[in-house]
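Engineer: any chance you could fold what I've pasted below:
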Amino acid sequence: MRRLDGNAADMFQKSQRLWAELAEADCYTESEPASAAQGAGYAYVYESCMAERYGQRLKRAEKLLSDWQPALNIRL
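Structural biologist: Residues are numbered from 1 along each chain as shown. I've put the predicted structure just below:
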């Protein structure tokens, strides 16, 4: 079974780190109005946003793995 070459694996890890930073900043911005309103609902809005973003990212990662499967002879 083949593996991603070093550059592709490094770039995927870099994209994961950058994506996490973006998701956190995006959800912070989305939840800021709740925070300004005496903190009412801030945690709920932030956590809901993060759950949605991680769900989207997981679907994207699964698609990437599916796309890479034939080239790398990966068994799912």
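
Engineer: out of everything not next to it in sequence, what's closest to Met50?
Structural biologist: Leaving aside its chain neighbours, Met50 sits nearest to Cys27 (5.1 Å; criterion: C-beta to C-beta, 6 or more residues apart in numbering). C-beta: built from backbone N, CA, C; applies to glycine.

Engineer: and the pLDDT at the one you found?
Structural biologist: Model confidence at Cys27, given as pLDDT, is 94.

Engineer: and it, how many neighbours?
Structural biologist: Neighbours of Cys27 under the rule other C-beta atoms under 10 Å: 19.

Engineer: show me where the protein dips below the pLDDT cut-off.
Structural biologist: 1-5, 38-40, 71-76 (pLDDT under 70).

Engineer: can you show me the helices along it?
Structural biologist: Using DSSP state H, the helices of the chain run over 6-36, 42-72.

Engineer: what angle separates the first one from helix 42-72?
Structural biologist: The reference is to helix 6-36. Angle, helix 6-36 to helix 42-72, by axes from the mean of the first three to the mean of the last three C-alpha atoms, to 10 degrees: 160 degrees.

Engineer: tell me which residues in helix 6-36 are buried?
Structural biologist: Using 16 or more other C-beta atoms under 10 Å as the burial criterion, the residues of helix 6-36 that qualify are Trp19, Ala23, Cys27, Glu30, Ser31, Ala34.

Engineer: any idea how far it is from the chain center?
Structural biologist: With C-alpha atoms, centre = their mean, to the nearest Å as the basis, helix 6-36 stands 7 Å off its chain's centre.

Engineer: next one: the last one
Structural biologist: Here helix 42-72 is found 5 Å from its chain centre; the criterion is C-alpha atoms, centre = their mean.
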